[in-house]
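Q: generate a structure from the sequence data that follows.
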Amino acid sequence: MVLSRRTKKPNEYERKRLENLKRNAEKLASLNVHTKATQFLASSNLQRSRQFYSEKKPKIQKIPPERKSLRARGIPPEISGSESPGSSESPEQQTPTNNLDSSLRRCLGPISMSDVFIGIKSKSHYTGLVDKISGFSKNAQSVEGNDSLPLNLESFQLKPENIVRVVPGDATLMRFLPCVDAKVIVVGNRSGHVGFWDVDKEKRDGVYCYQPHIGCISGISVQPSSLSKIYTSCDGGFIRMMDAEKEVFNLVYSSDQPINYLSHHPTNVNYLYFGEGHGGLSTWDNRGGRSAIWNLHTRCITSIDFNSKNPYIMATSSIDGDACIWDLRSMDACKPKTVKIISHRNGVYSACFSPSGSHLAIASAGNALSILGGVEFDDYSLMCHDHKAGDMFSFRAIWGWDDSHVLIGNREGGIDVMSSALGQKIATLESPCLSTILHQLDAHPYQAGVLAGSAGINQALMWTSC
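A: Numbering: from 1, shown residues only. Presented below is the predicted three-dimensional model:
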């Protein structure tokens, strides 16, 4: 018996699939695709077979030249120009310009002082600064403000040995350490360097430089009762505290916003006030890590100062053109109570209280110097002063050692002494040793007649009164 196999008739899907295959084959045949692909492969193989490979030539090893010292070659050593009289630095004291690895300075933790020390000095050199700061009196009392202090302005002088390079690059900020029996100047620059100049030492041994920050130094603050803890801030959003006793830079605060200014509350060593971002003023308590922020201005804050007579009265200045006086005892959810607002057409560089707390000096970008006085700071006097030098520098006015004089740099490289009573300039401190603009000044808080300044270049200097 023979079984016959019956073929199944293709369904509709199979029939369409076969038609598509036949149609595609006809299209490929009409385009002659297979022939062109074969010709392309053949030509590529021919070109590959004709490639030439250059023979590697052996490397010729260069023999370095023989180096000999000047003594071996019989040549006397040259005298360096920096060793000549009147020079601002010696070879050992020249400030290096190299920068450290930024990853170390971005560390969200303590950084050893030895890791960010800049220079070729031995460990015994930078520990000399640590030992001196740690040995300062821990019971130093702040100086009370004076209404009048006799001072002979004609006796001020700038000696060549008191002009020293402390940090590489442009100096942006400088402060005296508030110690009674020593003169130590702290200087910051645009690259995150923090330098110390121990004036009482010889120049080659009195300069110490560190680089703990990633950006421009925007604040230096030290409390007289805690001299071993030096706080610095930068526009990269970091606040660090140099603990001289532990030899570390501790991280106090970090933010994704720039820190524009830094100050301590005068009655609390653990309470910090600093400008943050575009017009914000932040507070930070070191003991509990608590913070708060008030939107006081519309643009960045340029100065924060407290009244010595009433530490709850605070003054701020800003690029937005306002200088404001605040009462910290009256606060709401947004900001403290405004006592007074002094508006300017241009940005304000600084607003600082006099030593007695009775006056407020304001320096603005519009070549104006204002002085407020009276019980409610209603007495107002305006002085014209040419201190506009472009965007690179901001001239900050400071008070001297009493309420009678305001000091501010000018565009010719001198220091103008303005009388708060007369409302005009009464003297100018000048020196043939100086030809650069002094945009930062600081008066020694315990030694009348000792004045420090920083120029646009990497120099710090100190005026003294005979």
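
Q: CA atoms for contacts and neighbours, from now on please.
A: Will do.

Q: what about the nearest residue to residue 424 once chain neighbours are set aside, how many neighbours?
A: Of all residues not flanking residue 424 in the chain, residue 418 sits nearest, at 5.5 Å (CA to CA, 6 or more residues apart in numbering). By other CA atoms under 10 Å, the residues close to residue 418 number 23.

Q: where does the protein dip in pLDDT?
A: Applying pLDDT under 70 to the chain flags residues 1-10, 33-34, 36-105, 120-126, 137-151, 203-204, 333, 387-393, 456-457.

Q: hang on, the earlier thing: the residue nearest to residue 424 and residue 19, how far apart?
A: Residue 418 sits 102 Å away from residue 19, going by CA to CA, to the nearest Å.

Q: show me the beta-bridge partners of the residue nearest to residue 424.
A: Beta-bridge pairing for residue 418 (DSSP bridges): residue 406, residue 425.

Q: is it true that it touches residue 426?
A: Yes. At 5.8 Å, residue 418 counts as touching residue 426 under the criterion of CA atoms under 8 Å.

Q: follow-up on the earlier one: which ones are touching the residue nearest to residue 424?
A: 405, 406, 407, 424, 425, 426, 427 (CA atoms under 8 Å, 6 or more residues apart in numbering).

Q: ok, of these, which one's closest to residue 341?
A: Proximity of those to residue 341 (CA to CA) peaks at residue 406, which lies at 21.0 Å.

Q: for residue 153, see how far away the closest one is.
A: Taking CA to CA as the measure, residue 406 falls 12 Å from residue 153.

Q: more neighbours, these two?
A: With neighbours defined as other CA under 10 Å, residue 406 and residue 153 compare such that residue 406 has more, 21 against 15.

Q: ok, residue 316 to residue 362 distance?
A: Distance, residue 316 to residue 362, by CA to CA: 10 Å.

Q: give the residues shared as contacts by these two.
A: Residues touching both residue 316 and residue 362 (CA under 8 Å, 6+ apart): 323, 350, 351.

Q: now for the last one, how many residues are close by?
A: If I follow you right, that is residue 351. Neighbourhood size, residue 351 [other CA under 10 Å]: 30.

Q: give the contact list for the residue lying closest to it once chain neighbours are set aside.
A: Spatial nearest neighbour of residue 351, excluding adjacent residues (CA to CA, 6+ apart): residue 362 at 4.4 Å. Residues counted as contacts of residue 362 (CA under 8 Å, 6+ apart) are 323, 348, 349, 350, 351, 352, 369, 370, 371, 397.

Q: can you tell me how far residue 362 is from residue 349?
A: Residue 362 is 8 Å from residue 349, by CA to CA.

Q: spit out the contact partners of residue 322.
A: Per CA under 8 Å, 6+ apart, neighbours of residue 322: 297, 341, 342, 343, 344, 347, 348.

Q: meant to ask about residue 167, not that
A: Residues counted as contacts of residue 167 (CA under 8 Å, 6+ apart) are 95, 187, 188, 189, 193, 194, 195, 209, 458, 459.

Q: could you save the residues you listed as CSV and add columns showing neighbour count and secondary structure?
A: Output for these, formatted as CSV (neighbours: other CA atoms under 10 Å; DSSP: H, G, I helix; E, B strand; the rest coil):
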residue, neighbour count, secondary structure
95, 23, coil
187, 27, strand
188, 34, strand
189, 26, strand
193, 28, coil
194, 28, strand
195, 25, strand
209, 23, strand
458, 19, coil
459, 22, coil
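
Q: break the chain down into its domains, please.
A: Per the record, the chain has its domains at 108-140+167-251, 304-465, by the TED database.

Q: let me see the ranges of the helices in the stretch 101-250 of the chain.
A: Here the stretch 101-250 of the chain has its helices, by DSSP state H, counting those that start in this stretch, at 102-105, 123-134.

Q: hmm, residue 402 and residue 355 touching each other?
A: Yes. Between residue 355 and residue 402 a contact is recorded at 5.8 Å, counting by CA under 8 Å.

Q: quick one: which of those two has more around it?
A: Shown here are residue 355 and residue 402; by other CA under 10 Å, residue 355 has more neighbours (24 against 19).

Q: helix, strand, or coil at that one?
A: Recorded secondary structure, residue 355: coil (DSSP: H, G, I helix; E, B strand; the rest coil).

Q: what bridges to residue 337?
A: Counting by DSSP bridges, residue 337 is bridged to residue 327.

Q: distance of it from residue 158?
A: 44 Å.

Q: more neighbours: those two, which one.
A: Using other CA under 10 Å as the criterion, residue 337 and residue 158 rank with residue 158 on top: 19 against 14.

Q: apart from its chain neighbours, what residue comes closest to the more buried one?
A: Computed as CA to CA, 6+ apart, the closest residue to residue 158 that is not its neighbour in sequence is residue 463, at 4.8 Å.

Q: neighbours around that neighbour, how many?
A: Neighbourhood size, residue 463 [other CA under 10 Å]: 20.

Q: the helix or strand where it lies: how far from the chain's middle?
A: Remark: residue 463 resides in strand 460-465, with elements defined by DSSP states H and E. Distance of strand 460-465 from its chain centroid, counting by CA atoms, centre = their mean, to the nearest Å, is 23 Å.

Q: likewise for stretch 426-439?
A: That offset, for stretch 426-439, works out to 24 Å (CA atoms, centre = their mean).
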